[in-house]
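>>> Starting from these lines, generate the structure:
(one chain, ligands or ions: 1)
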Amino acid sequence: MAGYRTRVDPRRIRRLREGSPGEGPVVYWMSRDQRVRDNWALLYAQDVALAANRPLEVVFCLSRDFIGAPIRHYDFMLRGLTETAKELSKLNVSFKIPLGEPKEKLPLYAKKRDPAVLVTDFSPLRHQKGWIESVYEYLSCPIDQVDGHNVVPAWETSDKREYAARTIRPKLHRKFQEFLTAFPEMKKLPYEDRETDRVPSTEELRLDGSVLPVEGEIPGSAAGEMRLRSFIARGLSGYDRDRNDPNLDGTSRLSPYIHFGQISAQTVVREAFLADLPGSDAFVEEAMVRRELAENFCLYEPLYDRYEALPEWGRKALDHHRSDKRPWLYGLSELEEAGTHDELWNAAQLSLRRKGRIHGYLRMYWGKMLLLWSPSPEEAFSRALYLNDRYALDGRDPNGYTGVAWCIGGLHDRPWPKRPVFGSVRSMALSGCARKFDVKRYIASFVP
Ligand code: FO1
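Predicted structure coming up:
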């Protein structure tokens, strides 16, 4: 089926496996990009289906326990998928939701459907790679992967692990305008006999109920697009100035929508870029350069969520200061309960627990203090990952893994003047926060 006319830039598509078309529909296995609008993988699958005169079927394999995700994350995801299911149905596209471990369910499903072509999302994380590989032996059709998550496809940006923002930035800036095109519309397909599975509720799935959904947070593509529009109208022009003050609502708060693919990062970057406001450059730096640097790290570093992935200079520095006296030492539950001596840190932790996010600037302080107050740097690393994945709506994302490695071990950073415990890894202090923003006011906003 290679060589079909498609509206998708061929550089976004990579053939994972050659094969001969099966008798069934074109199947798009959706995983990371859970939206209908502005989705290159879905557009490509539709083009192939139209060209081959086959129906299109979207499948989402729903696992009950994706890297320990509690009900908070499933609630956000499933409500978004409900909207996606409705939109697919309007386009006469079937939507199937097999329940269970993707490694077991996907091969069974795929074998039954005998796809003409299997199209899937790109993710640099190992889970999705493992899932795809599990279907290889059960299918003989071609398998194509489309990077619809990044502005510049991750494999086009670079073929190696980049050192820092300064090394990836010119590569992205050279290419991004070629890829920052408008999205074509999805077409309505000429098949009426579509089948749409009902998206199960969180209750039916019997999920881990220890971290509840965030109140007032509305998931889904429509809500994400509305947030983008209101950020561009009200927040973007002051973004460069306001984003470092946690007392202001100066960030876009789009990252959960991007994580679950309810909005496309390309749409976000394109709208901000075309708005051409004073904050546009600073926002493109965050939403494209920093985010795609994180994708690059996870794509080329197989141990992206392990301490061993930290740069050697960072690990050496931390090792050298391993026996330095810690000013405070806390257990994980004291940290989790926001029970430290530091009211600012507690407020950041409460924000994570209640709102599912920490303001970008405070996230750094939060992570740096975990290093300072944990018995070892390895422990600090695993605590930061655990707390982020458990509470943050954008946890389990390349951004999170990279952020933790930056905070704890200097990934993508450079050595700084030495300090106790941190060595040459960049340190932060409460006094620095107090110079940047009104710390008391921030703390007061978390006291009931
Ligand atoms: N993707 C899926 O394909 N199936 C799931 O059941 C699923 C659950 C899930 C829960 C929390 C979360 O943060 C993400 C989740 N995802 C799920 C999406 C997943 O993050 C992406 O597919 C990854 O890129 C996989 O490596």
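
>>> where along the chain do the strands fall?
13-17, 26-29, 56-59, 94-96, 118-121, 143-146 (DSSP state E).

>>> Could you say which of those strands is packed most deeply?
Comparing the strands of the chain by mean neighbour count (mean count of other CB atoms under 10 Å), strand 26-29 comes out on top with a mean of 29. (Glycine included, C-beta is placed from N, CA and C.)

>>> With distance to residue 39 as added columns, please give the strands of the chain in TSV.
Shown next, in TSV, are the strands of the chain (distance: least, CB to CB, whole Å):
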stretch	distance to residue 39
strand 13-17	13
strand 26-29	9
strand 56-59	10
strand 94-96	13
strand 118-121	9
strand 143-146	9
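
>>> Relative to the ligand, which of those strands is closest?
strand 118-121 (6.8 Å; CB to the nearest ligand atom).

>>> Okay, now the sheet partners of that closest one, with direction.
Sheet pairing for strand 118-121, assigned by DSSP bridges, gives strand 26-29 (parallel), strand 143-146 (parallel).

>>> ok, the last one near the ligand or not?
No - counting by CB under 6 Å from any ligand atom, the ligand is not contacted by strand 143-146; separation bottoms out at 12.0 Å.

>>> and if you look at the first one?
No - judged by CB under 6 Å from any ligand atom, strand 26-29 stays clear of the ligand, getting no closer than 8.0 Å.

>>> hmm, back to that, to residue 287, which of the strands of the chain lies closest?
With respect to residue 287, and counting by CB to CB, the nearest of those is strand 118-121 at 18.9 Å.

>>> out of the strands paired with strand 118-121, nearest to residue 244?
Nearest to residue 244, of all the strands paired with strand 118-121, is strand 143-146, at 35.5 Å by CB to CB.

>>> what's the closest one in contact with?
Defining contact as CB atoms under 8 Å, 6 or more residues apart in numbering, one finds that strand 143-146 is touched by 8, 12-17, 19, 40-41, 44, 117-122, 132, 135-136.

>>> Serialize the strands paired with strand 118-121 to CSV and add fields for mean pLDDT.
Rendered in CSV, the data for the strands paired with strand 118-121 read as follows (pLDDT from 0 to 100):
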stretch, mean pLDDT
strand 26-29, 97
strand 143-146, 98
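
>>> would you turn those strands into TSV with distance to residue 339?
Converted to TSV, the strands paired with strand 118-121 look like this (distance: least, CB to CB, whole Å):
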stretch	distance to residue 339
strand 26-29	44
strand 143-146	45
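
>>> how is the chain carved up into domains?
Domain segmentation of the chain under the TED database yields 10-149, 150-183+219-300, 307-445.

>>> hang on, isn't residue 269 packed against residue 288?
Yes - using CB atoms under 8 Å, residue 269 makes contact with residue 288 at a distance of 4.9 Å.

>>> Name the residues contacting each of those two.
151, 176.

>>> rewinding a little: to residue 72, which of the strands paired with strand 118-121 lies closest?
Residue 72 lies closest to strand 26-29 among the strands paired with strand 118-121, at 24.9 Å (CB to CB).

>>> out of the domains of the chain, nearest to residue 213?
Closest approach to residue 213 among these is made by domain 10-149 (4.0 Å; CB to CB).

>>> The closest one spans what distance, first to last residue?
Taking CA to CA, to the nearest Å, domain 10-149 runs 15 Å from one end to the other.

>>> Kindly report the same for stretch 84-97.
Terminal residues of stretch 84-97 lie 12 Å apart, using CA to CA.

>>> anything in it sitting right up against the ligand?
No - using CB under 6 Å from any ligand atom, stretch 84-97 never reaches the ligand; the gap is at least 9.4 Å.

>>> residues in the stretch 1-150 of the chain within reach of the ligand, list them.
31-32, 61-63, 66, 69, 73, 77, 123, 125, 127-128.

>>> The same query, at a cut-off of 8 Å, please.
The stretch 1-150 of the chain has residues 30-32, 34, 60-64, 66-67, 69, 73-74, 77, 102, 121, 123-129, 131 near the ligand, with proximity defined as CB under 8 Å from any ligand atom.

>>> do the same with the stretch 251-400 of the chain
Of all the residues in the stretch 251-400 of the chain, those lying near the ligand are 259-261, 394-397, going by CB under 8 Å from any ligand atom.

>>> what sits against residue 364?
So residue 364 contacts 407, 428 (CB under 8 Å, 6+ apart).

>>> Many thanks, I have nothing further to ask.
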